[in-house]
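Chemist: Quick check, what structure comes out for this input:
(4 chains, ligands or ions: 4)
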There are 2 protein chains.
Amino acid sequence: MPLPQTEIPGRLQMQLAERGIRMTGPRRAILSVIETATKHLDATQILRKARTLDASVDRSTVYRTLDLLKRQGLIDELDLMHLNGEGHYYERKLGRDHIHMACLRCGKITEFVSKTFESLKKQLERDCNFHIVVARLEVGGYCSACRH
Amino acid sequence: MPLPQTEIPGRLQMQLAERGIRMTGPRRAILSVIETATKHLDATQILRKARTLDASVDRSTVYRTLDLLKRQGLIDELDLMHLNGEGHYYERKLGRDHIHMACLRCGKITEFVSKTFESLKKQLERDCNFHIVVARLEVGGYCSACRH
DNA sequence: ATCTGTAATGCGACTCAGTCGCAACACAAT
DNA sequence: ATTGTGTTGCGACTGAGTCGCATTACAGAT
Ligand SMILES: [Mn+2]
Ligand SMILES: [Mn+2]
Ligand SMILES: [Zn+2]
Ligand SMILES: [Zn+2]
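Modeler: Ligands and ions are numbered 1, 2, ... in the order given. Presented below is the predicted three-dimensional model:
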């Protein structure tokens, strides 16, 4: 994750509260997992971790909560080049977007913040008259350790 | 598709032949479908169309051929924001990459070629010492007709 | 503190995309 | 024509994600 841990835990809960969205036990568990994640997690991993906080959490609740957070623009969904199966990965959405690079050999995920990326998005909005809600740039290739 | 139809039909078959890859009936049907497509197709659509050319084509052969073409760098795989289900879409890879914008309201897919995108990729390769094989920029938002 | 309408949950069954092992087959080189 | 190897169809399977429904729990009102 590209973010400093200066984040207040519980921030996601606050953002939902501000929008008048109900808070529940399972939701708190899931939000907490997402907030404290140190890497990109898929739905199954989120379920497993959430269950250590609230053993009753169900798989469908995880998916429903992920949908809610996506609709609210609070998380991003990633493919990470589908290096391991067909599932998706999730991460909190924070101020600046970043690019994901996945090494096709060692699987390492690298993140990168780029001013050029920001310009590109602005250019898109202007030239195509398109209002961007979410932008995902995912790259596959070979990292510095694996290139030949 | 952003490409002029100045393409020779059969080009994909040639590219595989050049690489010493065997040509078969089912493969010819699938390649022909991909080559003559006028929009992004998913595996099920490719199967259905391929069967009009060779009725025996099986679903697994479609997936195996798509994998082959991906490995050979001849097609790109897209999510198109998973607007309709969890499947993936495919298109021939041609010289210049392009960006895909999906309207979250009407579902329209817009393509855009950008010099800034090319610079961004170069910047990534340089700054991150990463060798890019495939780069996918997919954007979700509201098109000119749907923005409010 | 209790009541109450509505939103969220667990459960189980289901759909759908994609994969895999294997026996039969077909390509292309000799 | 023969042959080895790559490819195919088939069918069974996995795993991600969805859905309907009866039950539960939240939060605002009393
Ligand atoms: Mn995907
Ligand atoms: Mn395209
Ligand atoms: Zn690597
Ligand atoms: Zn639209």
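Chemist: need the contact list for the residue nearest the centre of chain A.
Modeler: Central residue of chain A (Cα atoms, centre = their mean): A:E91, 1.9 Å from the mean position. Contacts for A:E91 (Cβ atoms under 8 Å, 6 or more residues apart in numbering or on different chains) come out as A:1, A:34, A:37, A:40-41, A:75-76, A:78. Just so you know, the C-beta spots here come from the backbone N, C-alpha and C atoms, and that holds for glycine as well.
Chemist: So which of those residues reach ligand 3?
Modeler: Near ligand 3, taking Cβ under 5 Å from the ion as the test, no member of those is found.
Chemist: Show me where chain A has its helices.
Modeler: Secondary structure of chain A (DSSP state H): helices located at A:11-18, A:25-36, A:43-53, A:59-71, A:115-128.
Chemist: before we move on, the earlier item: so what's the predicted local confidence for the residue nearest to the centre of chain A?
Modeler: In this model, A:E91 is scored at 97, pLDDT.
Chemist: Same check on A:E7?
Modeler: Confidence at A:E7, expressed as pLDDT, is 51.
Chemist: just to revisit the earlier point, switch the helices of chain A over to TSV; also include mean neighbour count and mean pLDDT.
Modeler: Below are the helices of chain A laid out as TSV (neighbours: other Cβ atoms under 10 Å in any protein chain shown; pLDDT from 0 to 100):
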stretch	mean neighbour count	mean pLDDT
helix A:11-18	15	95
helix A:25-36	19	97
helix A:43-53	17	98
helix A:59-71	16	98
helix A:115-128	16	97
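Chemist: Is it possible to get JSON lines of these that adds distance to B:L137?
Modeler: Listed next are those as JSON lines, based on distance: least, Cβ to Cβ, whole Å:
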{"stretch": "helix A:11-18", "distance to B:L137": "27"}
{"stretch": "helix A:25-36", "distance to B:L137": "25"}
{"stretch": "helix A:43-53", "distance to B:L137": "24"}
{"stretch": "helix A:59-71", "distance to B:L137": "19"}
{"stretch": "helix A:115-128", "distance to B:L137": "8"}
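Chemist: B:H82: which of those is closest?
Modeler: helix A:59-71 (10.3 Å; Cβ to Cβ).
Chemist: Give me the sheet partners of the top strand by length along chain A and which way each runs.
Modeler: The strand that spans the most residues within chain A, counting by DSSP state E, is strand A:131-142. Taking DSSP bridges as the criterion, strand A:131-142 forms sheet pairs with strand A:99-103 (parallel), strand B:131-142 (antiparallel).
Chemist: Can you tell me which of those is most buried?
Modeler: Among those, strand A:99-103 has the highest mean neighbour count (mean count of other Cβ atoms under 10 Å in any protein chain shown), at a mean of 23.
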